[in-house]
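Chemist: 3D, please:
(2 chains)
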Amino acid sequence: MNCIIIDDDAAARLIVQQMCKNNKLNVQEEFSSAIEAIKYLNSFEVDLIFLDIHMPTFSGFDFIRSLKNPPKIILTTSDKEFALKAFEYDCIVDYLLKPITIDRFKKSLEKLLKPVNDKKSSTNIKDTNIKENANYIYVNVEKRLVKIDIPKILLVEAKGDYINIKTEKKNYIVHSTLKKIEEKLPSKLFLRIHRSFIINTTEIIDIEDNTVLIQKHVIPISRSNKPELIRRLNLL
Amino acid sequence: MEKPNLSYIEEISGGDEDFKNNMIAILKVEFPLELESIVQSFKENNFNEVSFYTHKVKHKIAMLGMPKSYELASIFEMEIKKNNTTKYKDFLLILNRIALYLNAK
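Modeler: Presented below is the predicted three-dimensional model:
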């Protein structure tokens, strides 16, 4: 695997370089500024970039935004507070806090290499596995990542630019769309029954005409979604 | 007060003496420059610059096996942005101790 290292700190570059060497990664080049790296990437392809965030004039995030087709990126930083922002970028594989430890570096590579080793490099397959096997989801609520147990979600309602994730005990208002959360929820459990509602089908108490009752919530069913809902039920 | 040491660098080196020597050579060049920039920016009351160089240098403090000093540097980095200079003296003591240590290498 070919990689480059971008960090304005020579000592930090040397650490990553040594860890790459110990893990048989080929470091093609290293750069003290993101602008130099952009010029390089205009002529050469790489599989992976180790990228510092906190650099003068042109930050790591500026750099990522400047790339049309970014390769996989592992962030290396002393700033814990950027972790949340890193989730906004699909190309970011991991977030390594300095000083980077040997074990943490190896874990990061495992994350990166696992789909390739499994010969399932397709992102779709990876995402599907995560979606179908994970029992929880993290959502961004007021700048905090909050863990929600997926089976405990009763329903999700669209509210303009937000969605309201309702669980038995609590509601979570999240800046997102129904389409996005639908992609993250296991299709075995959840079904979109209306343009504004996704429901947990195991929580249905009863269905009457064009409404579903889930606990105390009465949810409309759109005509086009009703056949799929009926098909899912364990009808006598 | 914590003492600087090479345990982290030795662990990363995996016995590679070239790496260890290169790292010490880099630290001997970069660290005094960053220390000077911090002192100079502080004298000029340019606290944003002080914070910037503190951020750069704090990684090196961690690399030299000083976790408590790293924490102090992290707090100072944030506080100095708000013009709070109370931790400067303690921070400078740490930096001077590292400078002496690297000088002796």
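Chemist: Report the secondary structure state of the residue lying closest to A:Tyr40 once chain neighbours are set aside.
Modeler: In this structure, A:Tyr40 finds its nearest non-sequential neighbour in A:Glu29, 5.9 Å apart by Cβ to Cβ, 6 or more residues apart in numbering or on different chains. For every residue, glycine as well, the C-beta is placed using N, CA and C. Following DSSP: H, G, I helix; E, B strand; the rest coil, A:Glu29 is assigned to strand.
Chemist: who are the neighbours in contact with A:Glu29?
Modeler: Applying Cβ atoms under 8 Å, 6 or more residues apart in numbering or on different chains to A:Glu29 gives the contacts A:4-5, A:37, A:40, A:44.
Chemist: Show me which of the residues you listed are buried.
Modeler: Buried by 16 or more other Cβ atoms under 10 Å in any protein chain shown: A:4-5, A:37, out of these.
Chemist: Could you export the residues you listed as TSV, including secondary structure and distance to A:Arg65?
Modeler: Shown next, in TSV, are those (DSSP: H, G, I helix; E, B strand; the rest coil; distance: Cβ to Cβ, whole Å):
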residue	secondary structure	distance to A:Arg65
A:Ile4	strand	18
A:Ile5	strand	19
A:Ala37	helix	14
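Chemist: Turn those into a markdown table, including pLDDT.
Modeler: Below are these laid out as a markdown table (pLDDT from 0 to 100):
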| residue | pLDDT |
| --- | --- |
| A:Ile4 | 96 |
| A:Ile5 | 97 |
| A:Ala37 | 91 |
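Chemist: what's around the residue of chain B found nearest chain A, how many residues?
Modeler: For chain B and chain A, the shortest gap (Cβ to the nearest Cβ) falls at B:Ala62, measuring 4.3 Å. Around B:Ala62 there are 20 other residues, counting by other Cβ atoms under 10 Å in any protein chain shown.
Chemist: close enough to count as contact, it and A:Leu97?
Modeler: No. Contact criterion Cβ atoms under 8 Å: B:Ala62 and A:Leu97 do not qualify, at 9.5 Å.
Chemist: joint contacts of the two?
Modeler: The contact lists of B:Ala62 and A:Leu97 share A:Ser78, where a contact means Cβ under 8 Å, 6+ apart.
Chemist: Now B:Tyr70: which helix or strand?
Modeler: Using DSSP states H and E, the element containing B:Tyr70 is helix B:67-81.
Chemist: so what secondary structure elements neighbour that helix?
Modeler: If you count contacts as 3 or more Cβ pairs under 8 Å, 6 or more residues apart in numbering or on different chains; DSSP states H and E, helix B:67-81 packs onto helix B:47-63, helix B:88-103.
Chemist: Noted, bye for now.
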